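# model the structure of this input:
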Amino acid sequence: MQVSVRFFTSLRELIGKKEETLEFPEGEEITVDTVLNALKQRYSNPFIEYVYDSKTGEVKRFLQLLVNGKSVSTLNGLQTELAIGDVLAILPPVGGG
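Residues are numbered from 1 along each chain as shown. From the prediction side, this is the model:
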């Protein structure tokens with residue numbers, strides 16, 4: 001099963017790419033948390049320091065995680081299940097004025 005991940009701004013610079021497609025075994029339940037853990041293993045410290053709070057180990061609250069354009073906070077959080085071809089976007093906070 002393939003899931004795409006899109007990286008933006010500083011994370012894009014740290015990773016060195018704007019998108020990555022991850023492959024997971026068919027029939028396995030894949031969640032947002034599963035994808036984040038795979039990215040932690042692949043990119044280690046740069047990814048971990050950008051995405052996770054060093055004190056709590058939780059995903060930093062200011063990051064927006066979107067699955068196919070919908071915030072995971074309105075879905076099932078990090079336990080949101082992904083399907084073939086889904087796109088997970090990791091976005092920094094957005095400011096406006």
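# where do the helices sit along the chain?
For the chain, the helices defined by DSSP state H cover 9-15, 32-51.
# rank those helices by pLDDT, which is bottom?
Note on the helices of the chain: helix 9-15 shows the lowest mean pLDDT, a mean of 93.
# could you list the buried residues of that one?
11, 15 (16 or more other C-beta atoms under 10 Å). Every residue, glycine included, has its C-beta placed from N, CA and C.
# could you do stretch 53-61 as well?
Quick answer for stretch 53-61 (16+ other C-beta under 10 Å): Val59.
# count of residues packed around Lys70?
11 (other C-beta atoms under 10 Å).
# separation between it and Thr56?
Separation of Lys70 from Thr56 (C-beta to C-beta, to the nearest Å) stands at 25 Å.
# return the helix or strand in this structure with minimum mean pLDDT.
The least trusted helix or strand in the chain, going by mean pLDDT, DSSP states H and E, turns out to be helix 9-15, with a mean of 93.
# distance to Leu22 added to the helices of the chain, as JSON lines?
Formatted as JSON lines, the helices of the chain follow (distance: least, C-beta to C-beta, whole Å):
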{"stretch": "helix 9-15", "distance to Leu22": "13"}
{"stretch": "helix 32-51", "distance to Leu22": "6"}
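# out of those helices, which is closest to Val3?
helix 32-51 (5.9 Å; C-beta to C-beta).
# which strands and helices lie in contact with that closest one?
Judged by 3 or more C-beta pairs under 8 Å, 6 or more residues apart in numbering; DSSP states H and E, helix 32-51 is in contact with strand 2-7, helix 9-15, strand 19-23, strand 87-91.
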